[in-house]
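Peer 1: Turn this into a structure:
(one chain, ligands or ions: 3)
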Amino acid sequence: MGAQRELKQALERHWRGELSPAELETQGQRLRVRHWELQRDHGLASVAVGDFAFYDQVANHIQLLGCEPARFGFSGDEPELARYFAMARGVAAAHAHDEACCCGAASPAAGQPALEMTKWFDTNYHYLVPEFDAQTRFRLNAGRLLAEVAEAQALGHEARPVLIGPLSFLWLGKAKAEGLDKLDLLDDLLPVYRELLVQLAAAGVQWVQVDEPILGLDLPGAWALAFERSYNALHNCGVSLLLATYFSPLEDHLSLACKLPVAGLHVDAVRAGHELQAVLDWLPPQRVLSIGIVDGRNIWRTDLDRAFALLRPALARRGGELWIAPSCSLLHVPVSLAHDAALDAELRSWLAGATEKLAELRVIQRALNEGETAVRAELFAARAAVASRAASPRVRRPAVGERLAQLPAHADRRASAFAQRQPLQRERLRLPPFPTTTIGSFPQTAEIRAARAAFKRGQLDQPAYEAAMQQEIALAVARQEALGLDVLVHGEAERNDMVEYFGEQLHGFAFTANGWVQSYGSRCVKPPVLFGDVARPQAMTVGWTTYAQSLTKKPMKGMLTGPITILQWSFVRDDQPRADTALQIALAMRDEAADLEAAGIAVIQIDEPAIREGLPLRRAQQPAYLKWAARAFRVSASGVADATQIHTHMCYSEFNDILPDIAAMDADVITIETSRSDMALLRGFGDFRYPNEIGPGVYDIHSPRVPTTAEMLRLLRKAAEVIPPEQLWVNPDCGLKTRGWPETEAALRHMVAAARELRVR
Ligand SMILES: CN1c2c(nc(N)[nH]c2=O)NC[C@@H]1CNc1ccc(C(=O)N[C@@H](CCC(=O)N[C@@H](CCC(=O)N[C@@H](CCC(=O)O)C(=O)O)C(=O)O)C(=O)O)cc1
Ligand SMILES: N[C@@H](CCS)C(=O)O
Ligand SMILES: [Zn+2]
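Peer 2: Residues are numbered from 1 along each chain as shown. Ligands and ions are numbered 1, 2, ... in the order given. Presented below is the predicted three-dimensional model:
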C-alpha cells in the first residue's frame, strides 16, 4: 500500500475517475521502485517481483494465466486494467458511461458481481477467488510480469519473480460447475507455467519463487500426489525454482517437499521451527534451504539469540550454505513502525515493521558470516529491547491474573439453558415473527471520517466531536425508525474500526498512527498492538448506546467485538498462549456487557466474524482451538441475566465444518453471512438442527446493488425450508459501513417489506 497508503489514495482516485490509468500505473511503479530500493538497501540478494498488485496478487494470476471467467464476457479488446477492476469490483447493471469511465463503453460485463473474496489462509487479508468451470482454459499473458521484471533489472536489481504455484492456485479457486474436479485442470495449466518459466529465463531471471502454501494444509491424497508430477513438468526450464511454504508445518508433506525437483525450499521457521531438524535430515545437500526466521505475521522484534540457536546448527549441517528470509510475505505487517508517532519510544523499541525486519535479516546475516563483533551495537540494542520487553512492568497486571485464577468454573455458562431463556427474552422484547435488524455499522461517510480526523489533529474539540457523532447516531436511529426495523443499532459512527476502537480503550493495547495493513483492495486496517495483560479501565460503549436508546422505544442493540476477533485482528503478544490472552479480553468484554445490561440495554451483540479465520490450518490442532475460543466467547457473554438477549455475528467464512462449535457458543441469536452462497450454508445449520435463533443474511453488503423484495423473500423462504420459521431473523449479511446511505436505505426498505410479506404468508 505504501508507507502513507499511497496506493489506496491512488486507487480510490482512479475509481472516482480523478486519476487516469496511466497515472495509476505511474503510482504503482513509484511504489515498486521504492520497495525494491528498500530491499537492496538492506542487503537482500534479490528483490521480489510480481508481488505488487493493484488489488490482489491472486487476481494478478488470473490475468497472468489467462483465466478471466467467461461470465464477464470480455472480448479481449478492453484494457487489461479495466478488466482487472471489473473482476475485482464487479460492474453495475445500469452503468453510466461518463467521460471518466474506464470499463470499455458497452461493457458486456454489465451486471456482473465481483469475484468472491475470501480469507487468505488464517490471515485477515482477503484474496479474489478464481472461478473455474469445465470450459476453463489457461493461456499465458505475461506482459505485465515481464515488464516488471525488466523494470527491476533496469534499476540494477536481481529480480526474483514470485509466483503462486499451480497447485495452490487451483486449490484457492472455486469450481463453479457441478462435479468439476479442479485437479482435472492441472494438465492444461502446467504448460502455461512452463512457458512462463521459459520466458522468465529468457529475460535473464535466475531464481523464481513458487509459493505453495497449501503444503501446510491437510491435503486429499490426489492433491499431494500431484506435486511430484507438477514439479517434474516445471523442471529444467532454465531458471532455478525456490519452492516456498509458509504459515503452517509441512508434517506429512515434509519429505515430499524435500524431494521435489526444485533448486531450493523455503520453510517457515517461525510457525514450524520444530520441523527444521527433519528438513535438514531430508533436504538433499545440493538444494538451497531458505529459512524464514523473521516473523512476517507479527510485529515483535526478533529474539536474535533464539534465531541464532536455530540457524547456527542449520548452517553447520548445510556446510555453510543457507538463505535467510522473513517467514512469509511482508504484506501482513505495516511498512515501518520505527517512527510511528502514536507509540512511545519503549514500545517502538520492541517492534519491527517490514522495513525493520529487513534490517534484522541484515544483522543476522552479518553476525553469522562475520561474527557477532561485526554487529556489536545492533546486537546490543536488539538484546536490550527483548530483555526490556520481557521484564517490563507494563506487560503484567497482577490483578488480571488473579481474577482469571479465581474465575468460577460456571463463568462460561448462562444461568439457564436457551429453552428457558427464550421465553423470558420474548416476553421482554415483544418482537414480531421474523424480527428485522442490522449487523451494527451504518455508512462511515466522508463527513464522519473527516470529523474524526479533525478531532485527532486537535482541530475539533471533544464536545464538538461528540456532538457530531451523536448527530450521526440520531440520524441512524431516525432512519431505522422510519424504515420500520424491529431491533435497532446505533450505527458505530464513533468507531474507526471494530477492533481498533476497543484496543484504544483497553489497557494492554497500544495503537499506531500509521501501522496500516491491507485488508482487501484499497481497504486497510490498523491492527492494535496487544502487548500486555488486558484490563478495562472504564465502560467503552455505554454512553453512545444509552444515548441511542434514549431516542427510541424499540430495543437498541449494544454492539461489542468478541474476544477471538479482537485477538485475531490485533498484533498479539507472543509471550503467553493465545488462549490466555483471549480469556483476558473476554473478561473485559464481559464487564462491558454487564454495564450495558445495567444501563437497561436488553439486546447485546458480540461480534465474532474472525472465529473461523483463527482455526489452525492443520486439523489436528483445531479441536483444542475451538474449545478455548468458544469458551472465551461464552465467558464474554455469560455475565448477563437470562432475559438479556445475546447475539453474535459471523461473516467472511464457511462455517459448516465448525457448526457444533458455533452451537457451543450458545448465543441466543446468530446473524450470519449466507446470501452469497444462496443460503447453501444454512443447510448445514438445518441438518445439524442448530438449536438457537438465526438471522441468515438476506443480502450481500459488498455491492451497492439494491436487491429487490422478491429476491430477499425467495432467500427467506429457502431459509425457512431448513430452519424452523419461529427461529428466523431477517438481516443483511454484515455491517453497512462501506455502503452509502441511498442504497442502504433502499435495500433495508426492501428487506423490511420482505419480512412483512413473510409474516403475512
Ligand atoms: C469486517 N472487516 C474488518 C476486518 N478487520 C478489521 N480490523 N475490521 C473490520 O471491520 N476484517 C474483515 C473485514 C474487512 N473489511 C473492511 C471493510 C472496510 C475497511 C475500511 O473501510 N477501512 C478504512 C479505514 C478504517 C479506519 O480505520 N478509519 C479511520 C481512519 C480513516 C482515515 O483514513 N482517515 C484519513 C483522513 C480522512 C479525512 O480527513 O477525511 C487519514 O487518516 O488520512 C477512522 O474512521 O477514523 C480504509 O479507509 O481503508 C476495512 C476492512
Ligand atoms: N458490527 C460490525 C460487524 C462487522 S463483521 C459491523 O456491523 O460492521
Ligand atoms: Zn460481518
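Peer 1: ok but A610 is inside a helix, no?
Peer 2: No - counting by DSSP: H, G, I helix; E, B strand; the rest coil, A610 falls outside a helix, being coil.
Peer 1: helix/strand/coil for G2?
Peer 2: Going by three-state DSSP: G2 is coil.
Peer 1: Please name the residues that touch the residue lying closest to it once chain neighbours are set aside.
Peer 2: Using CB to CB, 6 or more residues apart in numbering and skipping the chain neighbours, the partner closest in space to G2 is L31 (5.2 Å). Where C-beta positions appear, they are placed from N, C-alpha and C, glycine not excepted. If you count contacts by CB atoms under 8 Å, 6 or more residues apart in numbering, L31 has them with G2, E6, L7, F52.
Peer 1: okay, among those, which ones form the most distant pair?
Peer 2: Of all pairs drawn from the contacts of L31, the greatest distance, 12.3 Å, lies between E6 and F52 (CB to CB).
Peer 1: Neighbour count for these two, which is higher?
Peer 2: F52 (18 against 15; other CB atoms under 10 Å).
Peer 1: Now do that one against V33, distance only.
Peer 2: 10 Å (CB to CB, to the nearest Å).
Peer 1: count of residues packed around the residue of the stretch 201-350 of the chain found nearest ligand 3?
Peer 2: In the stretch 201-350 of the chain, the residue that lies nearest ligand 3 is H332 (20.4 Å; CB to the ion). H332 is flanked by 23 other residues according to other CB under 10 Å.
Peer 1: Hmm, V270 and it touching each other?
Peer 2: No - H332 is not in contact with V270 according to CB atoms under 8 Å; the separation is 11.9 Å.
Peer 1: Touching both of those two, which residues are there?
Peer 2: Common neighbours of H332 and V270 (CB under 8 Å, 6+ apart) are G296, R297.
Peer 1: Just the buried positions in stretch 646-665, please.
Peer 2: 646-653, 655-656, 658-659, 661-665 (16 or more other CB atoms under 10 Å).
Peer 1: next one: stretch 607-619
Peer 2: Result for stretch 607-619 [16+ other CB under 10 Å]: buried residues D607, E608, P609, A610, I611, R612, E613, G614, L615, L617.
Peer 1: Distance of the residue in the stretch 401-550 of the chain positioned nearest to ligand 2 relative to ligand 3?
Peer 2: Nearest residue of the stretch 401-550 of the chain to ligand 2 (CB to the nearest ligand atom) works out as G440 at 2.7 Å. For G440, the distance to ligand 3 equals 8 Å [CB to the ion, to the nearest Å].
Peer 1: Spit out the contact partners of that residue.
Peer 2: V489, G491, E492, M498, K557, M559, Q605, D607, H649, G735.
Peer 1: The same query, at a cut-off of 6 Å, please.
Peer 2: Contacts here follow CB atoms under 6 Å, 6 or more residues apart in numbering; on that basis G440 touches V489, E492, M559, G735.
Peer 1: just curious, which of those is nearest to P261?
Peer 2: Nearest member of the contacts of G440 to P261, counting by CB to CB, is G735, at 48.3 Å.
Peer 1: Give me the neighbour count for the closest residue to the closest one other than its chain neighbours.
Peer 2: Leaving aside its chain neighbours, G735 sits nearest to S441 (3.5 Å; criterion: CB to CB, 6+ apart). By the measure other CB under 10 Å, the count of residues near S441 is 23.
Peer 1: S441 against P732, yeah?
Peer 2: No - with contacts counted by CB atoms under 6 Å, S441 stays clear of P732, the gap being 10.5 Å.
Peer 1: What segments of the stretch 451-600 of the chain are helices?
Peer 2: Ranges of helices within the stretch 451-600 of the chain are 462-483, 500-503, 542-549, 563-568, 578-598, based on DSSP state H, counting those that start in this stretch.
Peer 1: Quick check: the gap between the closest residue to R536 other than its chain neighbours and A150.
Peer 2: In this structure, R536 finds its nearest non-sequential neighbour in A588, 4.0 Å apart by CB to CB, 6+ apart. A588 sits 53 Å away from A150, going by CB to CB.
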